[in-house]
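**Student:** I'll drop the sequence and a predicted model, then ask my questions.
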Amino acid sequence: MSQLYTGRGYVYSIQYHLVWCVKYRHKVLSGDIDERLKELLYKIALDNKFAIKEIETDLDHVHLLIECSPQHYIPDMIKALKGVSARLLMKEFGVVLKKNLWQGHLWNPSYFVATVSENTESQIREYIQNQKTK
């Protein structure tokens, strides 16, 4: 069961399953880039006061299970996660990434988001954990 949190006058447990893809579905998320991306996403979440409960990447997309408060606005969280990670990865791995990506854009502008109920949390955790074991 998910942990319940309290605010001033309310109790909540909010989780989202987020997925986004590399531009043109190019397979660039491996090795050092994959490891650094995960480090950056955890740091961005910490800086923005929400938690990443599960994270996994495939070569061309990212899956996250996040937990946040009612004050978090999904588009702002996505903007922070995608924008900051893209900027820092391009700064660190620009030569490798730009070789595979036209015009240097790392992420596709769209994303998937779904709310998670207690009944499906374990299913989504298992799905995210098994992304690389196809």
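**Tutor:** Structure received. Numbering: from 1, shown residues only.

**Student:** Assign a three-state SS to V11, would you?
**Tutor:** For V11, the assignment made with DSSP: H, G, I helix; E, B strand; the rest coil gives strand.

**Student:** so it sits right up against L4, yeah?
**Tutor:** Yes. Between V11 and L4 a contact is recorded at 5.5 Å, counting by CB atoms under 8 Å. Where C-beta positions appear, they are placed from N, C-alpha and C, glycine not excepted.

**Student:** Nearest residue to Q131 in space, please, no chain neighbours.
**Tutor:** E56 (4.2 Å; CB to CB, 6 or more residues apart in numbering).

**Student:** my bad, N48
**Tutor:** In space, N48 is closest to A80, 5.3 Å off (CB to CB, 6+ apart).

**Student:** ok, now D34?
**Tutor:** T57 (5.4 Å).
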